[in-house]
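[1] Need coordinates for the following:
(chains A and B)
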Amino acid sequence: MEFLQHIMLGFETALTVNNLTYCFIGVFLGTAIGVLPGLGPMATIAMLLPITYGLQPETALIMLAGIYYGAQFGGSTTAILVNLPGEVSSVVTCLDGYQMARRGKAGTALAVAALGSFFAGTVSTILIAAVAPALTAVALGFGPTEYFALMTLGLVGAVVLASGSLLKAVAMIVLGLLLGLVGTDVNSGVQRFVFGVTELSDGFEIISFAMGAFAFAEIIVKLEKGREIREVHADNVSGLWLSRKELKAAFPAVLRGTTIGSLLGVLPGGGAILASFASYAVEKKLSRTPEGFGKGQIEGVAGPESANNAGAQTAFIPMLTLGIPATGTMALMIGAMTLHNIQPGPQVMTSNPTLFWGLIASMWIGNAMLVVLNLPMIGLWVKLLRVPYKILFPAILLICSIGAYSVQNSVFDVFMAVAFGALGYIFIKLKCEPAPLMLGFVLGPIMEENLRRAMLLSRGDPSVFVTHPLSAVLLLLTVGLVLLAAVPALSRKRDTIFVEEEA
Amino acid sequence: MHLLVRNLPNFCSGMMFTLVGVGFSIGATTYQVGTVAEMGPGYFPLVLGGLLAILGLVITARSMLVDERDGSISLKLRPILFVLGSVTLFAAMLANAGLVASSLVLVVAGAFASEEFSWKYVVPTALLLIVASYLIFVYGLGLPMPVWPRGW
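    Next up, the predicted model:
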């Protein structure tokens, strides 16, 4: 019954006219920006964050969640209609979605993506509501030792699931942790690595980093490639519904995709990415016509899209209950919460129940809005898709610059975004993934704080990490993950997964 | 160079990590380091900086000994210069020149980053963006920022 009470409280919060309106605006803007080619959810959220500054924390988070789903869905639309994945997790959607669009079945592909996502969103929202209180209760019993072990597990997990070189990903995390330490040390009040720059005493602004590394750097790289050729296959985006036969083919795939996505989404790193790839592989294996995959098989869109969305949703679980981001996007969400003076962690559920449950309820509402509003509005998105990049990117630059300024009404953050843009560009050229860095960046100060407390309590004895049973289990899991990643057979498998993705 | 370095991106990133790691470690020693039981502000960054430097060295070594051959890093100056330059100009101008003038400079200079630049589409784009950003950010969201040049 408690479960129902929570859900009711959530809907009471989310269903106010005010919050519904902002949820709608969030979904709308998120889709509009997310549809633009070359802008993933990360850049979209960073760009739209400033809009939420003036709002109440609940409303702001509800709107942000709307932006997040909108951006995800917008990315799928682009993948299907133009064969341009906005982010890694929609790479798989390109395979069959674009082929469907080429054969004049764009409407069907979009409809199955939207309905599959909605179904997955519904299931995973219920899952979050059911699991979160239990996890929170566990997390409240965590001491600093357990927290430190948990964060180690999270960061290592993120590395194992990241694409590309393991060593470089670990180095990027450590670099992120170090950058996160810049600013005033909470324990001693000493200003570290600020070099007399007063604006740095609160540390780097994560939004500046996200804008620089994910918007500016991407723009530069895209412009380097020269004139773009973009084929929009949306001449007859009509019949935005499924025939009975298509529905029958798609539904089991949606079910399987939702299951895979919900489970993998909780994992640190790229749960949603892994989920969409895994779902595609499963569908292909189970299909009676595996040769049809890659040529416009409806299961190839239904499964991965559901998995992707379920994963994107359950990624909220570690963030909401433990305060630990599973993905770069969640790291950005934590940054946004901090801006509104909410310290993410297990205490949010008890100290801010309306916010917590309102956010969860709004996840479902946001997903419903996606279906109800986006399918009829598809004509508008297609128009946006046709805006040439040479007009698009100056607009992105301007919105980001104004956004970075408005974080603290200071041009310092705009300059920082430029610096991080240069850094992000170097990372791309040196083939270093910037997403693990964001995780480290958010966790740096928290990890240090917990390590210090743990060592203070144990009087400097590091063996507490293995003598505390919970911490020992977490660290054992960490070691297991590292070993798994080092096993040649698996690392080869991992390589093939991500090579396929780059192809 | 190519005889020694098998993989240029990895080699450079390894060097970058090493240098940054060493830098942070040296910086950390200027703060109180403390003991394991009572860590000072220098302790954690010192450990992490050392770790990063070691990781960097391993990455560098591997790039010379075992990595797959990949020697390419290609750059084009024009997009880097105009994308980052236009935003820098915007930030430098905003306080005195206000949003309208700074946006104009940002959009025109930014658009220059593309090889397809032509005044024919840039001028209307700039005007549209300025009006839209004024309406959305200043009028709609009420973000406090200077709109017109100082003294107007």
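[2] what's the closest non-adjacent residue to A:V131?
    Excluding the flanking residues, the one nearest A:V131 by Cβ to Cβ, 6 or more residues apart in numbering or on different chains is A:I317, at 6.2 Å. Where you see a C-beta, it was placed from the backbone N, CA and C, and this is true even at glycine.
[3] In this structure that neighbour contacts A:A129, no?
    No - counting by Cβ atoms under 8 Å, A:I317 does not reach A:A129; the two are 10.4 Å apart.
[4] okay, now the closest residue to chain A within chain B: neighbour count?
    Here the residue of chain B nearest chain A is B:A37; by Cβ to the nearest Cβ that distance is 3.0 Å. Residues near B:A37, counting by other Cβ atoms under 10 Å in any protein chain shown, number 13.
[5] correct me, but it touches A:L456?
    Yes - using Cβ under 8 Å, B:A37 makes contact with A:L456 at a distance of 6.3 Å.
[6] could you list every residue that touches residue 10?
    Let's take chain A. A:A129, A:F356, A:W357, A:G358, A:L359, A:I360, A:A361, A:S362 (Cβ atoms under 8 Å, 6 or more residues apart in numbering or on different chains).
[7] ah, no, chain B please
    A:S165, A:K168, A:L430, A:K431, B:I59, B:T60, B:R62, B:S63, B:D67, B:D70.
[8] My read is that the second one contacts A:L437, right?
    No - counting by Cβ under 8 Å, A:K168 stays clear of A:L437, with 10.7 Å between them.
[9] how near is the residue in chain B sticking out farthest from the centre to B:Y43?
    Most distant residue from the mean C-alpha position of chain B: B:A37, 37.4 Å away (Cα atoms, centre = their mean). As judged by Cβ to Cβ, to the nearest Å, B:A37 and B:Y43 stand 11 Å apart.
[10] How is chain B divided into domains?
    B:8-65, B:77-140 (automatic domain parsing).
[11] Now render the ones you listed as a markdown table, adding mean pLDDT.
    A markdown table is the format used below for the domains of chain B (pLDDT from 0 to 100):
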| stretch | mean pLDDT |
| --- | --- |
| domain B:8-65 | 93 |
| domain B:77-140 | 92 |
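[12] What mean pLDDT does the host helix or strand of A:L64 get?
    According to DSSP states H and E, A:L64 maps onto helix A:57-82. Average pLDDT, helix A:57-82: 86.
[13] try stretch A:475-483
    86.
[14] would JSON lines of the domains of chain B with distance to A:E246 be doable?
    Formatted as JSON lines, the domains of chain B follow (distance: least, Cβ to Cβ, whole Å):
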{"stretch": "domain B:8-65", "distance to A:E246": "45"}
{"stretch": "domain B:77-140", "distance to A:E246": "40"}
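[15] related to what we said a few turns ago, remind me what whatever helix or strand the residue nearest to A:V131 lives in packs against, helices and strands.
    Take DSSP H and E as the rule and A:I317 turns out to sit in helix A:316-322. Here helix A:316-322 touches helix A:106-140, helix A:328-339, helix A:348-351, helix A:353-369, going by 3 or more Cβ pairs under 8 Å, 6 or more residues apart in numbering or on different chains; DSSP states H and E.
[16] tell me the mean pLDDT for the last one?
    Read that as helix A:353-369. 86.
[17] ok so, going back, now the contacts of A:G10 as JSON lines including distance to chain B?
    Output for the contacts of A:G10, formatted as JSON lines (distance: Cβ to the nearest Cβ, whole Å):
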{"residue": "A:A129", "distance to chain B": "32"}
{"residue": "A:F356", "distance to chain B": "26"}
{"residue": "A:W357", "distance to chain B": "27"}
{"residue": "A:G358", "distance to chain B": "22"}
{"residue": "A:L359", "distance to chain B": "22"}
{"residue": "A:I360", "distance to chain B": "27"}
{"residue": "A:A361", "distance to chain B": "26"}
{"residue": "A:S362", "distance to chain B": "21"}
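[18] Quick check: pLDDT value at A:Y22.
    pLDDT for A:Y22: 91.
[19] Make sure A:S124 is actually in contact with A:T314.
    Yes - if you go by Cβ under 8 Å, A:S124 and A:T314 touch, sitting 5.0 Å apart.
[20] returning to what we had before: what's the closest of the helices and strands packed on helix A:316-322 to B:G49?
    The closest of these to B:G49 is helix A:328-339. By Cβ to Cβ, the value is 21.8 Å.
[21] Next, the angle helix A:57-82 makes with that closest one.
    Angle, helix A:328-339 to helix A:57-82, by axes from the mean of the first three to the mean of the last three Cα atoms, to 10 degrees: 160 degrees.
[22] all strands of the chain, in order?
    Picking chain A for this. A:183-184, A:191-192 (DSSP state E).
[23] Switch those strands over to TSV; also include mean neighbour count, mean pLDDT and distance to chain B.
    Compiled in TSV, these are given as follows (neighbours: other Cβ atoms under 10 Å in any protein chain shown; pLDDT from 0 to 100; distance: least, Cβ to the nearest Cβ, whole Å):
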stretch	mean neighbour count	mean pLDDT	distance to chain B
strand A:183-184	18	89	9
strand A:191-192	20	90	6
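[24] Identify the single longest helix in chain B, thanks.
    helix B:77-111 (DSSP state H).
[25] tell me what that one is packed against?
    helix A:217-224, helix A:389-408, helix A:412-429, helix B:119-133.
[26] B:S74: which of the strands of chain A is closest?
    If you check each of these against B:S74 by Cβ to Cβ, strand A:183-184 wins as the nearest, at 35.9 Å.
[27] Pull up the pairing partners for that closest one, direction included.
    Strand A:183-184 pairs in its sheet with strand A:191-192 (antiparallel), by DSSP bridges.
[28] Quick one: residues in contact with the strand it pairs with.
    Against strand A:191-192 from outside (Cβ under 8 Å, 6+ apart): A:L181, A:V182, A:G183, A:T184, A:D185, A:L200, A:S201, B:G27, B:A28, B:Y31, B:P41, B:P45.
[29] Contact partners for the fourth one?
    Right, A:T184. Contact analysis of A:T184 by Cβ under 8 Å, 6+ apart lists A:V190, A:Q191, A:R192, A:S201, A:D202, A:G203.
[30] and which of those is nearest to A:L247?
    Lowest distance from A:L247 to the contacts of A:T184 (Cβ to Cβ) belongs to A:G203, with 50.8 Å.
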